[in-house]
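Q: sequence unavailable; structure follows:
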DNA sequence: CAGTGGTCTAGACCACCAA
DNA sequence: TGGTGGTCTAGACCACTGC
């Protein structure tokens, strides 16, 4: 419910007088509680098309002018909506070419959520080994964090990442069973490229943002063995919840990072 | 050197024909290497006024219309410049009131760079204890990170932060001696409020952004004693370089965080 | 060359705030 | 009531890309 109940988007009025400055303003003069600017509504509409799969990761979306015509607003208004989507990294603008749905398959955007970096300037020659991948019933806590019911089916994946031959990251991943039906160890193992790109192409699930909680812990016997360190060795414990569009949680991940010659990099602003 | 060598800002031409659409565009038709849009130049000019102290933290800056008149550009162009400054948190917009220079003294922005949070929902009842504050000569590494010469004077501060009576953070801070001349343990101890707010009001130094590198380490004997834990206890080692305007490093800080009942929170997007 | 995003302007009007 | 930021429009022209 907002003030703009009968603006050109929501209504089907053929045309409003153009050139009238703040078009929607005329319709919102009477005091109303929730006021949402036009460009926010446009943003929401574009977002819905992204969720709905009208345009897939990597695709071009219609030009600003096309969208302006579709929504019966000026190009500037569409522009502001897309500006925000671009700021959220949901979309990437390329001058002269168009606006594209963001994807983890992009060379430059790859591993956008992995903040572990080598202390020195070396390359990130990474190798991956899937330890296991199996279906199981969600514990109460896993279910809660993923927005499922207890005992719902989830996929569990454990893998180890090697940098320059050194096992450096041990990751446990939990995924909701339904959207990831058919995920197998073989498919995961044979895939090259970022896991999130794999999720996009194989399951149509795009991870948009994530929250991480970091602690320092001592290595358990199991972690020590997989990471080839002694038990109790200090490790970074990184707990991540990753979200798709609309803040729907779609992945729970716990990483244990060796920080002997790497560090977690964060930029504060 | 850029294309806009004779635009209204740089030149003193009294007036350009107004209403000519892309005003500067006329002046940049011939192919030139570095093209910088007008609003970027405006942003730089405003930035210079911020650095120069023309407006201090907490102050209102002139209205968009005033700045537009001063720089002889349209309000929209000034607007876009300020939009970027606001996105960088250098400035805060308040509808109906004006645009203000950001400050760490703001209730809501306080502790903006401290990402440690309680696992539970409790309050952050914090107590601080300054352990020491003395002048010393910069080691080669400290000097390099702060952009000083070896053996230049630096101020060293060590403090412990308590949450609910539990010593949780041990911080070592290095500050360049010249801008922080006159900093004493007494002044630091008697001050309430965030350290960065203190730096603003007492030394005119405003921290704008920071980089952090995080590792997991075992507590040294010294750290263990100050944080009341056993030696070897896993701690988060957070190394921070904080910058003022123009990416000038102004502080080096190493924090050791206990993460028994707290975690470092990070939002990825 | 046409099409796309990017910059700039000018003007109208709204929402919010303080006096 | 006047001032400030915020929204919206319309139109001109630029920079970049690809046919």
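A: Cool, the structure landed. Predicted, not measured: the structure shown is a model, and the values here were computed from it. Numbers count the residues shown, from 1 in each chain, chains lettered A, B, ... in the order given.

Q: from residue A:265, how far out is the most centrally placed residue in chain A?
A: Closest to where the C-alpha atoms of chain A average out (C-alpha atoms, centre = their mean) is residue A:208, at 1.7 Å. Noted for residue A:208: a distance of 21 Å to residue A:265, by C-beta to C-beta, to the nearest Å. C-beta: built from backbone N, CA, C; applies to glycine.

Q: those residues of the stretch 151-269 of chain A touching chain B, which are they?
A: Applying C-beta under 8 Å from any C-beta of the partner chain, we find that the stretch 151-269 of chain A lies next to chain B at A:208-218, A:232, A:234-236, A:239-240, A:257, A:259, A:263-269.

Q: quick one: classify residue A:160 as helix, strand or coil.
A: strand (DSSP: H, G, I helix; E, B strand; the rest coil).

Q: now do it against residue A:220, distance only.
A: As judged by C-beta to C-beta, residue A:160 and residue A:220 stand 14 Å apart.

Q: neighbour count winner among the two?
A: Higher neighbour count among residue A:160 and residue A:220: residue A:160, with 18 against 14, using other C-beta atoms under 10 Å in any protein chain shown.

Q: so where's the stretch 151-269 of chain A shaky on pLDDT?
A: For the stretch 151-269 of chain A, no stretch has pLDDT under 70.

Q: show me where it has helices.
A: Here the stretch 151-269 of chain A has its helices, by DSSP state H, counting those that start in this stretch, at A:185-190, A:195-203, A:221-227.

Q: helices or strands next to the first one in the packing?
A: For helix A:185-190, the helices and strands in contact under the criterion 3 or more C-beta pairs under 8 Å, 6 or more residues apart in numbering or on different chains; DSSP states H and E are strand A:126-137, helix A:195-203.

Q: which of the residues in it are classified as buried?
A: residue A:188 (16 or more other C-beta atoms under 10 Å in any protein chain shown).

Q: surely residue A:122 touches residue A:261?
A: No. Judged on C-beta atoms under 8 Å, residue A:122 makes no contact with residue A:261 at a distance of 9.1 Å.

Q: between those two, which has more neighbouring residues?
A: residue A:261 (14 against 11).

Q: hang on, isn't that one packed against residue A:119?
A: Yes. Using C-beta under 8 Å, residue A:261 is in contact with residue A:119, at 5.3 Å.

Q: so how many other residues sit close to residue A:114?
A: So residue A:114, with other C-beta under 10 Å, has 19 neighbours.

Q: now do the SS call for it.
A: Residue A:114 - assigned by three-state DSSP - is coil.

Q: gap between stretch A:141-152 and the chain center?
A: Here stretch A:141-152 is found 20 Å from its chain centre; the criterion is C-alpha atoms, centre = their mean, to the nearest Å.

Q: what do you get for stretch A:183-200?
A: For stretch A:183-200, the distance to the chain centre is 16 Å (C-alpha atoms, centre = their mean).

Q: likewise for stretch A:53-62?
A: With C-alpha atoms, centre = their mean, you get 16 Å for stretch A:53-62.

Q: kindly report the same for stretch A:76-94.
A: The answer for stretch A:76-94 is 16 Å, by C-alpha atoms, centre = their mean.

Q: so it, near DNA strand D or not?
A: Yes. Interface with DNA strand D: stretch A:76-94 contributes A:76-77, A:80, A:94 (C-beta under 7 Å from any atom of the strand).

Q: looking at these, which are in helices?
A: A:76-77, A:80 (DSSP state H).

Q: export the residues you listed to TSV and tack on distance to residue B:84 and pLDDT?
A: Formatted as TSV, those follow (distance: C-beta to C-beta, whole Å; pLDDT from 0 to 100):
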residue	distance to residue B:84	pLDDT
A:76	18	97
A:77	20	98
A:80	14	98
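
Q: so which of those residues are also by DNA strand C?
A: Restricting these to those near DNA strand C - C-beta under 7 Å from any atom of the strand - leaves residue A:76.

Q: ok, and the most crowded of the ones in helices among the residues of stretch A:76-94 next to DNA strand D?
A: Going by other C-beta under 10 Å, residue A:77 tops these with 22 neighbours.

Q: show me the beta-bridge partners of the closest residue to residue A:213 other than its chain neighbours.
A: In space, and not counting its chain neighbours, residue A:213 is closest to residue B:263: 4.2 Å by C-beta to C-beta, 6 or more residues apart in numbering or on different chains. Per DSSP bridges, the residues bridged to residue B:263 are residue B:117.
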